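> Coordinates for the following, if possible.
(chains A and B)
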Amino acid sequence: MVVLWTDALIYLLLVVMLGLGLYLRGKEHIKRPLQKICRSKIGMVSLVVLLFFVLIGLLDSIHFKPADDKKNEIISVLDDWATPLREHGEKTYSSPFATTLYSKEMMLQADGSMQWGYPRLEFGGKHLEDTETQKIPDILQKTAYGFFQGIALTSLLMLIIVSMLRRGNVVQVAPAAGEGSSTKAVWLTLFIIIPVATILIHLSTHYHVFGTDKVGEDVFYQAVKSIRTGLVIGTLTTLIMLPMAIIFGILAGFFQGWVDDIIQYVYTTLNSIPGVLLIAASILMVQVYMANHEAAFTSVIVRSDMRLLFLCMILGVTSWTGLCRLLRAETLKLREMEYVQAATALGVKKTTILMRHILPNVMHIVLISVVLDFSSLVLAEAVLSYINIGVDPTSYSWGNMINGARLEMAREPVVWWSLSASFVFMFALVLAANLFADVVQDAFDPRRSGNE
Amino acid sequence: MTQYILRRLLYSLPLLMGVNILTFVLFFVINSPDDMARMQLGQKHVTEQSIANWKQQHGYDVPLLWNNQALGEEQITHTIFYQKSVGLFLFRFGVSDSGRNIGADIKERALPSLAVALPTLLVGLFVNICFALLMVLFRNSYLEQAGIVLCVVMMSISSLFYIIGGQFFIGKVLRLVPISGYDDGFSAIKFMILPVLIGVFSGIGSGVRWYRTLFLEEVEKDYVRTARAKGLTETQTLFRHVLPNAMIPILTGVVVVLPLLFMGSLIMESFFSIPGLGSYTIDAINSQDFAIVRAMVFLGSVLYVIGLLLTDISYTLVDPRVRLS
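Numbers count the residues shown, from 1 in each chain, chains lettered A, B, ... in the order given. Below you'll find the model as predicted:
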């Protein structure tokens, strides 16, 4: 097993989340908003979609060197599962479900003569004898097969979970009140997502579901691999930004005086530099650094991973200012509260006051801004990759897919599938994140909780 | 008032100094001028002599912060830091690494940037306010629900797709306007329609949502209830009472970005090949021209500081309760 830097940080993030979950379990002030989220249909459905993406991202974050390794490459568990997709490369563009290439070329016939036409694909639909008549029935048959497999799988899952709940040895999951409607919605989503996934898996072993790109790589595979990049940027940036924002924000608000002045000066300075330019400048520096230290980055995947990590760090450094300002304002308000003054009068140490009274009471702001930032970071990645200051051009990301496909829109006939694939995946992730963020904000923001 | 403005201007000096030091550290300390020279001249097969020549040509052949070999005040002035940053404060941007005059370039390119960014902002403001008002007028109805869902959906689409989709359908399939390009004078209008349209469209989702919350906050207030009790219709209260009051946060939010409009939009300009400052910056980033990037960073932060000052002043103009002190 090989642990890349971003992998390690993802594991760390998981541990932190688990620890936080255990710590907060059963705390009354957290329970109420959580129950509210559980009761919200939109919230639970979007959470299921998000978790599905996270699952794929996690599978893609466990890297290892395959045993029968010839090319000294590092692959992930997801790559291992998708080996047929990964290795079934064509020569160049082919449209979704195509059996022939997208452009005509000279072909060598069986009798030795040359002919101008569309050559058959090497892998897409090669099991078919007669593509004209067999293709559509074959696709339908595979779809039906995948569909029933998916339904069976989900039903099995449902059976297991329901029986476990019946036995009652599971921790009380959702409160009884209003549970029915959101549970139904969750099962409905699962009954849509899992069959769709199994259908895609079945079809993609025999066809290129989203076609192939310029160098003949399967677009579906690219889009799935991009999920990890999007998630990493959305989450690791937050992980890097949070300590800075929380510590500086609370210190500035609590101690005031010169501490406040310095911290305010720092974040106003950072804020006054246009964000994109600061990111561009930093990425340029990283590029020069990596060009000068080529020895440290042995393989392509290590290099693109380092660049991804640098990008997260840079985004984190440029984006902590907003949260810091919010926290500072909130702490200014909190330190005048009676319970804080009572603690001061009783002689409680300042660090204890910070940890026990201030920090827990600003956590809802942190949580809301984390979920709100996630979707904008995923969107930002695409834009940055377009300006060439995003992730490494060799790594899979939706931004790189869009960038590569953009020029092909001028082609006649249009190559539309790369763009559509990245659009569908990105839209699903960002929409789910936005909807979930809304629900979380509704549940945790005290100003909004009045209008129930 | 004047005193306040003067003090704010003085306060912005350490801010700009900080920006300058930060970019200096980023560009010259982390990567020495030697690295830059190697980057510009190509990574491999670069002789020491050619690096020295390049540095001499671009004025990078002096020490970074402190010149031991010079005498008197030249110990400070004869360094990269002094020579490259003092000019920025006087808006003398010097020459780019490829030898062009940056100041002249900026002057020439600011207008096209503004020509696209300003209409986008104004039309966008108008459209967003209209939709937000409509949603508030029909609040607690299915129409509003649909509007909210539509806003979230529109927010979730990357701006790149709006641009690519717009160029494809309006420019290529329908052939209504040219896909990209720019022209001098009034003939530029036909090139500007599409960027402005797409810019407005891609901002609707988040804009309408934001303005809607501002309006809703205002609608709940007591004076609006009084207005309704007086017998004003819902439309009258909205236009006569809610709108002017909600305009305060909206306008001050707009004033902050006004100076930054000169900088243009990075992606818009490069997609539509408009010769503005945004595409200038992108070109500089892609060709790794550090002098231009530094100048643009400085310009951007100056404009931001001006924007903050304008915001404070505009607060006193639209809201008489605020006094500057």
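> any low-confidence regions in the stretch 301-450 of chain A?
For the stretch 301-450 of chain A, residues meeting the criterion pLDDT under 70 lie at A:447-450.
> mind listing the helices for it?
A:338-345, A:350-353, A:359-386, A:398-406, A:417-444 (DSSP state H, counting those that start in this stretch).
> go on, the stretch 101-250 of chain B?
Going by DSSP H, counting those that start in this stretch, the stretch 101-250 of chain B shows helices at B:102-137, B:142-155, B:159-166, B:189-219, B:222-229, B:234-237, B:243-257.
> The fourth one vs chain A: in contact?
No - for a cut-off given as CB under 8 Å from any CB of the partner chain, helix B:189-219 has no contacts with chain A; the smallest distance is 9.3 Å. Every C-beta, even on glycine, is put in place using the N, C-alpha and C of the backbone.
> residues of that helix that come out buried?
B:191-192, B:194-212, B:214-216, B:218-219 (16 or more other CB atoms under 10 Å in any protein chain shown).
> same check, this time on stretch A:10-20
A:Ile10.
> Let me know the average pLDDT across that stretch.
Mean pLDDT, stretch A:10-20: 90.
> Just put the helices of the stretch 301-450 of chain A in CSV and tack on mean neighbour count and distance to chain B.
Output for the helices of the stretch 301-450 of chain A, formatted as CSV (neighbours: other CB atoms under 10 Å in any protein chain shown; distance: least, CB to the nearest CB, whole Å):
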stretch, mean neighbour count, distance to chain B
helix A:338-345, 13, 27
helix A:350-353, 12, 29
helix A:359-386, 21, 5
helix A:398-406, 23, 5
helix A:417-444, 22, 4
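> A:Leu13: which of these is closest?
With CB to CB as the criterion, A:Leu13 lies closest to helix A:359-386 of those, at 11.3 Å.
> what helices or strands is the closest one leaning on?
helix A:219-255, helix A:300-334, helix A:398-406, helix A:417-444, helix B:159-166 (3 or more CB pairs under 8 Å, 6 or more residues apart in numbering or on different chains; DSSP states H and E).
> Buried residues of the first one, list them for me.
Residues of helix A:219-255 classed as buried by neighbour count (16+ other CB under 10 Å): A:219-242, A:244-246, A:248-254.
> Tell me if that helix is near chain B.
No - interface with chain B: helix A:219-255 contributes nothing (CB under 8 Å from any CB), its closest point being 11.0 Å away.
> can you pull the pLDDT of A:Ser204?
Among the per-residue scores, A:Ser204 holds a pLDDT of 84.
> Got phi/psi on it?
Backbone torsions of A:Ser204, given as degrees, to the nearest 10, read phi -70, psi -20.
> which residues touch it?
A:84-85, A:218, A:220-221 (CB atoms under 8 Å, 6 or more residues apart in numbering or on different chains).
> so, if you compare these, which one comes nearest to chain B?
Using CB to the nearest CB, A:Phe220 is the member of the contacts of A:Ser204 that lies nearest chain B, at 18.7 Å.
> Next, the contact list for the closest one, please.
A:85, A:200, A:204, A:208-210, A:421 are the contacts of A:Phe220 under CB under 8 Å, 6+ apart.
> Where does confidence bottom out across these?
Comparing the contacts of A:Phe220 by pLDDT, A:Leu85 comes last, at 78.
> okay, the helix or strand harbouring that one in PDB with CA atoms only?
Taking DSSP states H and E as the criterion, A:Leu85 maps to helix A:83-87. Only the C-alpha atoms of helix A:83-87 are listed here, as PDB (Å, rounded to 0.1, in the frame of the first residue of the first chain):
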ATOM      1  CA  THR A  83      -9.200  -2.100 -14.900                       C
ATOM      2  CA  PRO A  84     -11.100  -2.900 -18.100                       C
ATOM      3  CA  LEU A  85     -12.100   0.800 -18.400                       C
ATOM      4  CA  ARG A  86      -8.600   2.000 -17.700                       C
ATOM      5  CA  GLU A  87      -7.000  -0.300 -20.300                       C
END
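> Does anything pack onto that helix? Which helices or strands?
helix A:219-255.
> what's the following helix or strand after the helix it packs on?
Taking DSSP H and E, what comes next after helix A:219-255 is helix A:257-272.
> got the buried residues for the helix holding A:Leu85?
Buried-residue list, helix A:83-87, by 16+ other CB under 10 Å: A:85-86.
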